[in-house]
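Chemist: Based on what follows, work out the 3D shape:
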Amino acid sequence: MNTPTQQVACAHCGAANRIPTARLGDDPNCGRCHQPLLTGEPVALGDADFDRVVSATTLPVVVDFWAAWCGPCRQMAPQFDAAARQLKGRALFVKVDSDASPQLSQRFGIRSIPTLLRLDGGREVGRQSGALPAAQIVAFAGR
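Modeler: Next comes the predicted model:
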């Protein structure tokens, strides 16, 4: 009998890790570098490592495009963190600083921040602009 698995890329070393779906909430560590994979906290990614992590992850990926100078972005950050904790093991939450990652911002056509994207298999399947409370972020992630 085959056990269903998910693949999660390590944000630290880039290694792809196969994890039984039933164990995603058990704080799995990377098989290569032994760093935690799904901590329930958003992972900061940028132009250099975004594709490596997102393309090797089969979980839904929720991306927050933000900037340090953006008031609504700073206001939404704790809500995004709370949603990441709530969906630990069921989705990968990623933060992309749009100023520090202009290639990603351009590629995804980010015109205002904060903007959330939901990616499945690396493909955009949802987009929402503006600051949201945690409950709406969770609902957006589950679409």
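Chemist: quick check, Arg74 in a helix?
Modeler: Yes: assessed by DSSP: H, G, I helix; E, B strand; the rest coil, Arg74 belongs to a helix.
Chemist: How about the contacts made by it?
Modeler: Shown in contact with Arg74 (CB atoms under 8 Å, 6 or more residues apart in numbering): Ala68. Using the backbone N, CA and C atoms, a C-beta is placed for each residue, glycine as well.
Chemist: How much space separates it from Asn17?
Modeler: Taking CB to CB, to the nearest Å as the measure, Arg74 falls 32 Å from Asn17.
Chemist: Repeat that for Ile110.
Modeler: For Ile110, the distance to Asn17 equals 29 Å [CB to CB].
Chemist: Among those two, which residue is more densely surrounded?
Modeler: Neighbours were counted for Ile110 and for Asn17 using other CB atoms under 10 Å; Ile110 has more, 22 against 19.
Chemist: My read is that that one contacts Phe65, right?
Modeler: Yes: using CB atoms under 8 Å, Ile110 makes contact with Phe65 at a distance of 4.8 Å.
Chemist: what's the burial count for Ala11?
Modeler: Ala11 has 21 neighbours, counted by other CB under 10 Å.
Chemist: That one contacts Pro42, correct?
Modeler: No: using CB under 8 Å, Ala11 makes no contact with Pro42, being 10.1 Å away.
Chemist: and Trp66, what does it touch?
Modeler: Listed by CB under 8 Å, 6+ apart, the contact set of Trp66 reads Cys73, Met76, Ala77, Lys95, Val96, Asp97, Ser98, Ile113, Pro114.
Chemist: Now, those that are in strands?
Modeler: Secondary structure from DSSP state E places Lys95, Val96, Asp97 of the contacts of Trp66 in strands.
Chemist: Just put these in a markdown table and tack on pLDDT.
Modeler: Listed next are these as a markdown table, based on pLDDT from 0 to 100:
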| residue | pLDDT |
| --- | --- |
| Lys95 | 98 |
| Val96 | 98 |
| Asp97 | 98 |
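Chemist: Lovely, talk soon.
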